[in-house]
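Q: Predicted structure and sequence below. I'll ask about it afterward.
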Amino acid sequence: MALLFTSSVSACEFVMGYRTSERLPFIEKAPSNAGIYLDIYQLALKNIGCSLSVVRAPKKRILKMLALGEIDFYPGLGITKKRSEYLEFFDNGLTSHVIALSHSDTDTIHQFSDMSGKVLLTAIGANNFDARQTGILVREAYDLSLSTAVKLLSEKKVDFYLYNKDSVKYFLKAEPNDQIKLHPCCFNEVAMTLGFSKYSKFSKYYKYIQVTELPAKSPIHLNKAEEFKRELEKLKQLGVIAEIKSRYF
């Protein structure tokens, strides 16, 4: 599958990677990158003298590119031990509240273990919260979208799906579905994290650059990621991120 690029010319250009399917209202289905993520990150990078380009590909491939330093960051990504080997994580200015979805005739669940013996649908490469260790059966799907997940739940082909509450409400407002039930389970609202490649030339972990060997005109940004992080914190404190988010809800 070919990679989908949206790029601009800049001496300091960050590359954001994301799967090809949508996560509304955060990002639209490729090739469009419109949404909350683009609005926030373009502004934050502009404020520190940089620009943004976007690469869309299946999530598994995007994660591999992050591990190789071929792209710089993934905008909203859960922390796992494996990912922490090649990514540093910091708040992206948003919050995430993961909830469970099921068919409407499913009994209400109150804790993750209540899914034991049931089929949990997840995207390949997504965090399944160690579901198998809880006796939950995991079915992985390639580049899964929320609309596909809702369809499978409605048809009772899977039992549960975990997703961001804001995205679910946004989707069901636009496409009501009385076959879908939302459960008050199984996680608390937390700060959403951004995964930044430790092998990015902008990262403080990037130790392999030979400054003396760089051409005279090459910009050197040994820790531009830290500036990016601080700018996101600033935009959150000033209420700018909340204002951007409010445009979509």
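A: Perfect, I can see it now.

Q: From what I see, Ala123 and Leu144 are in contact.
A: Yes: Ala123 is in contact with Leu144 according to Cβ atoms under 8 Å; the separation is 3.8 Å. Heads up, the C-betas are built off the backbone N, CA and C, glycines and all.

Q: Count the neighbours of Asn188 for me.
A: By the measure other Cβ atoms under 10 Å, the count of residues near Asn188 is 6.

Q: State whether it is indeed within a helix.
A: No: counting by DSSP: H, G, I helix; E, B strand; the rest coil, one finds Asn188 to be coil, located in no helix.

Q: who touches the longest helix along the chain?
A: Longest helix in the chain, counting residues (DSSP state H): helix 224-237. Residues from elsewhere that reach helix 224-237 (Cβ atoms under 8 Å, 6 or more residues apart in numbering): 12, 14, 40, 43-45, 47-48, 50, 72, 88, 90-93, 194, 196, 200, 202-204, 241-242.

Q: Show me which positions of that helix end up buried.
A: With burial defined by 16 or more other Cβ atoms under 10 Å, the residues of helix 224-237 counted as buried are 224-229, 231-232, 235-236.

Q: before we move on, the earlier item: ChimeraX command for the buried members of the contacts of helix 224-237?
A: Written as a ChimeraX command, the selection of buried residues from these, which uses 16+ other Cβ under 10 Å, is:
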select :14,40,43,44,45,50,72,88,90,92,93,194,196,200,202,203,241
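
Q: So which of the contacts of helix 224-237 belong to helices?
A: The helices, defined by DSSP H, take in 40, 43-45, 47, 241-242 from the contacts of helix 224-237.

Q: want to throw those residues into JSON lines with distance to Lys82 and pLDDT?
A: Written out in JSON lines, the entries for the ones in helices among the contacts of helix 224-237 read as follows (distance: Cβ to Cβ, whole Å; pLDDT from 0 to 100):
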{"residue": "Ile40", "distance to Lys82": "27", "pLDDT": "98"}
{"residue": "Leu43", "distance to Lys82": "31", "pLDDT": "98"}
{"residue": "Ala44", "distance to Lys82": "27", "pLDDT": "98"}
{"residue": "Leu45", "distance to Lys82": "28", "pLDDT": "98"}
{"residue": "Asn47", "distance to Lys82": "32", "pLDDT": "97"}
{"residue": "Ile241", "distance to Lys82": "29", "pLDDT": "97"}
{"residue": "Ala242", "distance to Lys82": "32", "pLDDT": "96"}
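
Q: between those, which is closest to Glu155?
A: Within the ones in helices among the contacts of helix 224-237, distances to Glu155 taken as Cβ to Cβ reach their minimum at Ile40, with 35.3 Å.

Q: Pretty sure Lys60 sits against Ile124.
A: Yes: contact criterion Cβ under 8 Å: Lys60 and Ile124 qualify, at 5.4 Å.

Q: Roughly how far does Leu66 sit from Ala242?
A: In this view, Leu66 and Ala242 are 28 Å apart by Cβ to Cβ, to the nearest Å.
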